[in-house]
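1. Predicted model and sequence below, questions to follow.
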Amino acid sequence: MSADTATALLDLAARAEQLTDPTGLRALLAQGHPLYCQVQEDVRTHTRAQAAGWSDQQLAEHAAAEGIAAAPGTSREDLLADLVFARFDATPAAIAYQALAERAHAHHTDLID
């Protein structure tokens with residue numbers, strides 16, 4: 001994830017705090033959504049590349065270290081998806097976009113009508 005992407009999303013979230021107009025908030029969401037998706041893809045790519053060299057046991061250990069409990073019978077793919085999501089969800093970019101989305105929602109708008 002680039003710092004520029006996170007900074008851009010943080011800036012959009014800050015700008016959203018000054019708005020109550022649904023049209024303006026929707027425009028900020030539209031600007032932020034591709035950045036949000038890019039960060040998600042960056043985290044997915046990085047985590048999958050990192051985990052490629054891990055055994056299933058090592059993956060479970062890394063996931064547990066990050067607070068992800070694998071239920072018995074959880075597939076490697078599902079555990080990896082949970083790890084990607086947890087890592088992504090903790091990024092400043094994801095947190096900023098969530099704040100932006102919550103602000104928009106509070107003023108009755110979203111990306112989808």
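-> Sure thing, it's come through. Numbers count the residues shown, from 1 in each chain.
2. Select the longest helix from the protein.
-> Determined from DSSP state H, the single longest helix within the chain is helix 22-51.
3. residues of it that come out buried?
-> Residues 24-29, 32-33, 35-36, 39-40, 42-44, 47, 51 are the ones in helix 22-51 that count as buried (16 or more other Cβ atoms under 10 Å). Every residue, glycine included, has its C-beta placed from N, CA and C.
4. Let me see the ranges of the strands in this protein.
-> Taking DSSP state E, the chain contains no strands at all.
5. Tell me where it has helices.
-> For the chain, the helices identified by DSSP H occupy 3-16, 22-51, 56-65, 76-89, 92-106, in order along the chain.
6. Output these as TSV; include the columns mean pLDDT.
-> Output for these, formatted as TSV (pLDDT from 0 to 100):
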stretch	mean pLDDT
helix 3-16	94
helix 22-51	97
helix 56-65	95
helix 76-89	97
helix 92-106	96
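7. Now render these as CSV, adding distance to Ile112.
-> Output for those, formatted as CSV (distance: least, Cβ to Cβ, whole Å):
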stretch, distance to Ile112
helix 3-16, 17
helix 22-51, 10
helix 56-65, 32
helix 76-89, 21
helix 92-106, 11
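8. Relative to Ala104, how far out is Glu17?
-> 11 Å (Cβ to Cβ, to the nearest Å).
9. same check, this time on Asp78
-> 31 Å.
10. Show me which of those two is the more surrounded one.
-> More neighbours surround Ala104 than the other of Asp78 and Ala104, with 22 against 12 (other Cβ atoms under 10 Å).
11. thought that one was touching Pro22?
-> Yes - assessed by Cβ atoms under 8 Å, Ala104 is found in contact with Pro22 at 7.5 Å.
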